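Visitor: Let me see the structure of the following:
(4 chains)
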There are 2 protein chains.
Amino acid sequence: MVGVNEKTATRTRVADAVYERLREMIFTGELAPGARLSVPALAESLEVSRSPVRDAVLRLVQERLAREEPRRGAVVARVGTAELASIYEIREVLEGLAARLAVENAGRKLVRALKEALDEHEAAMRTADLAASTEADLRFHRLIREAAANPELVRLLDDVQTQVRLAMRTTTVTAGPRQAIDDHRAILTAIESGDATAAEQAARAHIFRLRTVLLQQTEAGE
Amino acid sequence: MVGVNEKTATRTRVADAVYERLREMIFTGELAPGARLSVPALAESLEVSRSPVRDAVLRLVQERLAREEPRRGAVVARVGTAELASIYEIREVLEGLAARLAVENAGRKLVRALKEALDEHEAAMRTADLAASTEADLRFHRLIREAAANPELVRLLDDVQTQVRLAMRTTTVTAGPRQAIDDHRAILTAIESGDATAAEQAARAHIFRLRTVLLQQTEAGE
DNA sequence: TGGCCGGAGTTTACATGCAAACAGAAAGAT
DNA sequence: ATCTTTCTGTTTGCATGTAAACTCCGGCCA
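Guide: I've put the predicted structure just below:
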């Protein structure tokens, strides 16, 4: 179950393409936090009319990737330390929920997939392959989320991750990878044992530690 | 802290007015789940042009109050039992988080306000005043959320409540009010004692029970 | 009578026009 | 020289035009 939903009909909606492009520009830093999202200017630079750009920007605002400034249009959102801390508090309980539900729903297949991701994570860390490490880390979490079989939860966690990614643009945060792997192993053990409460606790503890590391780093770096 | 944010500048944005109106129409049942949200038709009936209506409908879609049907436009969303159950799972942990944070942040003032709301809730129940009872119930939860001092959490819980309200349009759910008051009292006691973990547990248990009642009712009624 | 096809009517998504509101800069007054 | 004021240039938000796509209906053909 990978290449999920085959989009019905709607081939190339310009507004969607613009939206995707703007997201990309934000995450690559091409549009830094605080940058103005002028509809006419973007329309010209992207060579489309103002309508789809307007739709896309409105969507970004609603997703909290942009903010509406009084009368200067929308600007790329700046996620501060305080907001990030708030977001991590939420993420803590949501990831905990995902872990609990995963135990209640999933079978051996999940455990096997998680083990695989964890092994790759370890291997990547030994070879100091940051990209592969991050990828394995993300996959571990994603597997649990999807096993939770709660689409609304998946959506919320995706939103959370979007905010976190945006925050990374402002604040460089590197969570200690050693700790992460240990935490993941604890989560895996709990899931393997079929103890839903333990899995929830382990997942929450993991995010709680991430949050702590993150706050220390941003406090120091500020 | 009631009449919150004074809107800066933006007096009468037609799109906002239309959005509010559509929400209202959805919640009052004037627009039932499944009803088509034809932009041209709504524009004429509301006597505005298509643009603000389009913006409003797009916003409803993004907030999951409406769904995009293939090529028939948007329709008012239908929240089924399964979705509602998923939402309550999420609500459980979020309300738990709110209660925990409320204990960590709030002082006596919160306890006093909560007691007041609970008293009114009891009084309303004794006189069988359903409207007042619901109002007091909602206020109890709102007080805790706001005391959590996490704006993102407040936003998410508002979203959740929106979905629940919409679901009520389809399924008539009356949570046992007796149980609710007992649960609230337990939450209040935990908050009063300053035990954050106990408050979290109590809040979660409350939502868990609501969910159970709800599932029984919808299963029976279907 | 039943199935197929075509036309009429919607609908969306995009393009573009336009007024009002403001920001920022340049010019004028003191 | 500094402060005020006007003027220009954007910007947003709303209105409206239009093509393409699709649905639904009725009539036509077998």
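Visitor: From here on, just use CA atoms for contacts and neighbour counts.
Guide: OK.
Visitor: how about the helix or strand hosting A:Ala136: buried residues?
Guide: With elements delineated by DSSP states H and E, A:Ala136 resides in helix A:130-147, which encompasses its position. By neighbour count, and taking 16 or more other Cα atoms under 10 Å in any protein chain shown as the criterion, the buried residues in helix A:130-147 are A:132-133, A:136-137, A:139-147.
Visitor: Now the element after it, going C-ward?
Guide: Sequence order places helix A:151-170 as the next helix or strand after helix A:130-147, per DSSP H and E.
Visitor: If I take that next one and helix A:130-147, what angle do their directions form?
Guide: On the basis of axes from the mean of the first three to the mean of the last three Cα atoms, to 10 degrees, helix A:151-170 is oriented at 160 degrees to helix A:130-147.
Visitor: Please enumerate the strands of chain A.
Guide: When assigned using DSSP state E, the strands of chain A occupy the ranges A:36-37, A:66-69, A:73-76.
Visitor: Contacts only, for whatever residue of chain A ends up closest to DNA strand D.
Guide: Scanning chain A for proximity to DNA strand D using Cα to the nearest atom of the strand identifies A:Gly73 as nearest, at 3.7 Å. When the contact criterion is Cα atoms under 8 Å, 6 or more residues apart in numbering or on different chains, the partners of A:Gly73 are A:Arg36, A:Leu37, A:Ser38.
Visitor: In CSV, list those residues along with distance to DNA strand D.
Guide: Rendered in CSV, the data for those read as follows (distance: Cα to the nearest atom of the strand, whole Å):
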residue, distance to DNA strand D
A:Arg36, 8
A:Leu37, 6
A:Ser38, 4
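Visitor: right, and out of these, which lies closest to DNA strand C?
Guide: A:Arg36 (11.5 Å).
Visitor: How many neighbouring residues does the nearest residue to the closest one once chain neighbours are set aside have?
Guide: For A:Arg36, the nearest residue in space outside its immediate sequence neighbours is A:Val75; the separation is 4.3 Å by Cα to Cα, 6 or more residues apart in numbering or on different chains. Other residues within reach of A:Val75 by the criterion other Cα atoms under 10 Å in any protein chain shown amount to 22.
Visitor: For A:Val75, give me its contacts.
Guide: Each residue near A:Val75 by Cα under 8 Å, 6+ apart is listed here: A:Pro33, A:Gly34, A:Ala35, A:Arg36, A:Leu37, A:Ala66, A:Arg67, A:Glu68, A:Glu69.
Visitor: so which of the residues you listed also contact DNA strand C?
Guide: With the criterion set as Cα under 7 Å from any atom of the strand, no member of the contacts of A:Val75 is near DNA strand C.
Visitor: Check those residues for burial and list the buried ones.
Guide: Buried subset of those (neighbour count, 16+ other Cα under 10 Å): A:Pro33, A:Arg36, A:Leu37, A:Ala66, A:Arg67, A:Glu68.
Visitor: which of those residues lies closest to A:Leu101?
Guide: Taking Cα to Cα as the measure, A:Leu101 sits nearest to A:Ala66 out of these, at 32.5 Å.
Visitor: Can you give me the separation between A:Arg13 and A:Asp55?
Guide: Taking Cα to Cα, to the nearest Å as the criterion, A:Arg13 is separated from A:Asp55 by 11 Å.
Visitor: Between those two, which is the more surrounded one?
Guide: Counting neighbours by other Cα under 10 Å for A:Arg13 and for A:Asp55 shows that A:Asp55 has the greater number, 20 against 10.
Visitor: Might you enumerate the residues of chain A proximal to chain B?
Guide: Residues of chain A lying near chain B by Cα under 8 Å from any Cα of the partner chain: A:8-9, A:55, A:70, A:83, A:86-87, A:89-90, A:93-94, A:97, A:150-153.
Visitor: Go again with 10 Å.
Guide: Counting by Cα under 10 Å from any Cα of the partner chain, the residues of chain A lying close to chain B are A:7-10, A:54-55, A:58-59, A:62-63, A:69-71, A:82-87, A:89-94, A:96-98, A:101, A:149-153, A:156, A:160.
Visitor: Out of those, which sit inside helices?
Guide: Secondary structure of the residues of chain A next to chain B is defined by DSSP state H; positions in helices are A:54-55, A:58-59, A:62, A:82-87, A:89-94, A:96-98, A:101, A:151-153, A:156, A:160.
Visitor: how close does the residue nearest the centre of chain A get to A:Thr81?
Guide: Nearest to the centroid of the C-alpha atoms of chain A, with distances taken as Cα atoms, centre = their mean, sits A:Gln161, at 1.9 Å. A:Gln161 sits 15 Å away from A:Thr81 when distances are taken as Cα to Cα.
Visitor: swap in A:Ile144?
Guide: Taking Cα to Cα as the measure, A:Ile144 falls 27 Å from A:Thr81.
Visitor: Find the least confident helix or strand in chain A, judged by mean pLDDT.
Guide: For chain A, using mean pLDDT, DSSP states H and E, the weakest element among its helices and strands is helix A:196-221, scoring a mean of 88.
Visitor: ok, so of the buried residues of helix A:130-147, who is nearest DNA strand C?
Guide: Taking Cα to the nearest atom of the strand as the measure, DNA strand C lies nearest A:Glu146 of these, at 27.8 Å.
Visitor: was I right about that closest one contacting A:Val154?
Guide: Yes: taking contact to mean Cα atoms under 10 Å, the distance of 6.8 Å between A:Glu146 and A:Val154 places them in contact.
Visitor: Give the residues shared as contacts by the two.
Guide: Taking Cα atoms under 10 Å, 6 or more residues apart in numbering or on different chains as the contact criterion, the residues that touch both A:Glu146 and A:Val154 are A:Ala98.
Visitor: Looking at the contacts of A:Gly73, which is nearest A:Ala106?
Guide: Among the contacts of A:Gly73, A:Leu37 lies closest to A:Ala106 (Cα to Cα), at 43.5 Å.
Visitor: can I assume the closest one is in contact with A:Val57?
Guide: Yes: under the contact definition of Cα under 10 Å, A:Leu37 touches A:Val57, with a separation of 7.4 Å.
Visitor: intersection of neighbour lists for the two?
Guide: Taking Cα under 10 Å, 6+ apart as the contact criterion, the common neighbours of A:Leu37 and A:Val57 are A:Leu22, A:Ala66, A:Arg67, A:Glu68, A:Gly73, A:Ala74, A:Val75, A:Val76.
Visitor: Contacts only, for the first one.
Guide: Applying Cα under 10 Å, 6+ apart to A:Leu22 gives the contacts A:16, A:28, A:30-31, A:37, A:42, A:46, A:53, A:56-57, A:60, A:65, A:76.
Visitor: Any chance of a markdown table for these, columns pLDDT?
Guide: Shown next, in a markdown table, are the contacts of A:Leu22 (pLDDT from 0 to 100):
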| residue | pLDDT |
| --- | --- |
| A:Asp16 | 96 |
| A:Thr28 | 93 |
| A:Glu30 | 94 |
| A:Leu31 | 94 |
| A:Leu37 | 96 |
| A:Leu42 | 96 |
| A:Leu46 | 95 |
| A:Val53 | 97 |
| A:Ala56 | 97 |
| A:Val57 | 97 |
| A:Leu60 | 97 |
| A:Leu65 | 96 |
| A:Val76 | 96 |
